[in-house]
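1. everything below, folded, please.
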Amino acid sequence: MIRSMSTALSGLRNHQVMLDVIGNDIANVSTVGFKSSTTVFSDVLTQTLQGAGAPVAGLQGGTNPAQIGLGSRLMATVQSFTQGALQRTGRSTDLAIQGDGFFQVRTANETMFTRGGALTLDAAGNLMTAEGFFVQGWQADVTGNINTTAEPGSVQIRVGDLLNPNQSQNATVGGNLSADAAIGTATTITLTGYDQQGTTTPINLTYTKTAANTWTVTGTHGPTATPFAITDNVLTFNGAGELIGPADRNMNVAGGVIPGYPNPIVFALGAAGSQGRVTQFAGGTTVAIVQQDGSASGTLQAFSVGQDGVITGSYSNGLTQAIGQLALAVFNNPQGLERVAGAWRATANSGLAQVGAPGAGGRGLLSAGTLEMSNVDLAEEFTRLIVAQRGFQGNARVITTSDEVLQEVVNLRR
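-> Numbering: from 1, shown residues only. Below you'll find the model as predicted:
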């Protein structure tokens, strides 16, 4: 009877733990990125009253052991890492992970992991979680290149940051030079070039028909139309009006020829057979600068996050460039992670974090402007709540019944 009371007491304690876990799940039904848990129990060491007996041939059969269990104990709380429902918010810093993985975050003294994607920027431009953890990833260099093999660090997005100017180095020329033009006919087109400081310079190319099917290109720059040398500047066409020279279909200006332009400038004349190539057909002259790669400096005005975690900045000069990329971590055994306030930390049984870019190595993709909500299923939780309540009541009844039996034993002496 004393044994039945202690056994039932272990059941009371364990069902109280079950109630605590269920209560915590229900309390976090609206917590972003929360994962529900269930309790796992096992029986305690069983007391053997009589061992098993082997059968004796022709005399008696075998006997089974007689054992009494000594209650139950909590073995583990198992977390469910199923995907929570996605909720659209429209905020550029709200991110949901679709699939496996955790955001890697950093506190003052340790690395942790979270599914909560309600991120924000602090005064220094650091990307932070709602708890104030630094979100980890890789910062792009000044040219927008990202090295995801490097050790992740805190990601910064500073609105107002300057994008360096780019000197014009590549320009594409397209259009038609009239086959009807008389020898000596000239036409001029202008490239608005950007020097190494982002200052614009008019760079003029004059096409002069010097012979049948032949045009010579000369150049001037600046407001005073200072001449500069162009190599491969003689354009020749075949009878069908297709460009046959220069062979590489490029005109070149050496670096330093134009002040403020230390790098060479290449004027591409369009690939053979392409729609935008330079031609010599009958009709009007339409040759023009189609595109170039030069730009003035710009300031960061907005940003967006792609599915692969790349943060792309939009600048005042109309250009976009990668600012950084967020990292995701996966584990061999996510059940082995230890839950802490708002996050998890790795343990000896979770395995080491395998950190990489979203969408690679089994990691999920990111959905910007979206949050992953709690995966708590209220219908399931209330069902388990009833089971826990009945289990608690049943164990309590064992204790009260055992107490009544003990009272009867005491009364035997009267």
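2. what's the spacing between the spatially most central residue of the chain and Val105?
-> Compute the mean C-alpha point of the chain, and by Cα atoms, centre = their mean the closest residue is Gly309, 2.7 Å away. Relative to Val105, Gly309 is positioned 14 Å away (Cβ to Cβ, to the nearest Å). Where C-beta positions appear, they are placed from N, C-alpha and C, glycine not excepted.
3. and for Met18?
-> In this view, Met18 and Val105 are 31 Å apart by Cβ to Cβ.
4. who has more neighbours, the two?
-> Val105 (26 against 22; other Cβ atoms under 10 Å).
5. and the more buried one, bridged to which residues?
-> Bridge pairing for Val105 (DSSP bridges) gives the partners Met112, Val135.
6. contact partners for it?
-> Val105 makes contact with Thr111, Met112, Phe113, Thr114, Thr129, Phe133, Phe134, Val135, Gln136, Ala343, according to Cβ atoms under 8 Å, 6 or more residues apart in numbering.
7. pull up the per-residue confidence for the third one.
-> It refers to Phe113. Note on Phe113: pLDDT of 98.
8. just to revisit the earlier point, from what I can see the residue nearest to the centre of the chain touches Val355, true?
-> No: the pair Gly309 / Val355 is not scored as a contact, 11.6 Å apart, by Cβ atoms under 8 Å.
9. identify the contacts common to those two.
-> Residues within reach of Gly309 and of Val355 at once, by Cβ under 8 Å, 6+ apart, are Ala327, Leu328.
10. so Thr312, which of the three states?
-> strand (DSSP: H, G, I helix; E, B strand; the rest coil).
11. what residues are up against it?
-> Phe303, Ser304, Val305, Gly306, Thr320, Gln321, Ala322, Ile323.
12. now it: how far from Arg88?
-> Distance from Thr312 to Arg88, by Cβ to Cβ: 20 Å.
13. with Gln60 instead?
-> From Gln60 across to Arg88, the span is 74 Å (Cβ to Cβ).
14. could you do Leu191 as well?
-> For Leu191, the distance to Arg88 - Cβ to Cβ - is 45 Å.
15. next one: Asn204
-> In terms of Cβ to Cβ, Asn204 sits 52 Å off from Arg88.
16. show the pLDDT at Ser30.
-> With respect to pLDDT, Ser30 has a value of 95.
17. ok, it touching Asn375?
-> No: using Cβ under 8 Å, Ser30 is not in contact with Asn375, being 11.8 Å away.
18. those two: who's more crowded?
-> Asn375 (20 against 9).
19. on that earlier part again, quick one: which of Asn204 and Arg88 has more around it?
-> Counted by other Cβ under 10 Å, Asn204 and Arg88 do not tie: Asn204 has more neighbours, with 16 against 11.
20. that one and Val217 touch, don't they?
-> No: the pair Asn204 / Val217 is not scored as a contact, 10.3 Å apart, by Cβ under 8 Å.
21. three-state assignment of Val17?
-> The local conformation at Val17, judged by three-state DSSP, is helix.
22. which residues in the stretch 301-414 of the chain form helices?
-> Using DSSP state H, counting those that start in this stretch, the helices of the stretch 301-414 of the chain run over 378-411.
23. the stretch 201-350 of the chain: strands as residue ranges?
-> Secondary structure of the stretch 201-350 of the chain (DSSP state E, counting those that start in this stretch): strands at 214-221, 226-228, 234-237, 243-245, 250-253, 265-268, 278-279, 288-292, 298-305, 310-315, 320-326, 328-330, 338-340, 343-345.
24. then the stretch 1-150 of the chain?
-> 37-43, 47-50, 66-68, 72-79, 86-88, 95-98, 102-106, 111-114, 120-121, 127-128, 134-139.
25. does anything pack onto the first one? Which helices or strands?
-> Using 3 or more Cβ pairs under 8 Å, 6 or more residues apart in numbering; DSSP states H and E as the contact criterion, the neighbours of strand 37-43 among helices and strands are helix 2-27, strand 72-79.
26. got the ones you listed as CSV, with mean pLDDT and distance to Lys35 columns?
-> CSV is the format used below for the helices and strands packed on strand 37-43 (pLDDT from 0 to 100; distance: least, Cβ to Cβ, whole Å):
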stretch, mean pLDDT, distance to Lys35
helix 2-27, 90, 9
strand 72-79, 91, 5
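27. now those as a markdown table including distance to Ala181?
-> Formatted as a markdown table, those follow (distance: least, Cβ to Cβ, whole Å):
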| stretch | distance to Ala181 |
| --- | --- |
| helix 2-27 | 81 |
| strand 72-79 | 78 |
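28. winner for burial among these?
-> Ranked by mean neighbour count, the helices and strands packed on strand 37-43 are led by helix 2-27 with a mean of 17 (mean count of other Cβ atoms under 10 Å).
29. distance between it and the chain's centre?
-> Put simply, helix 2-27 sits 41 Å off its chain's centre (Cα atoms, centre = their mean, to the nearest Å).
30. how about stretch 230-245?
-> Relative to its parent chain, stretch 230-245 has a centroid offset of 49 Å by Cα atoms, centre = their mean.
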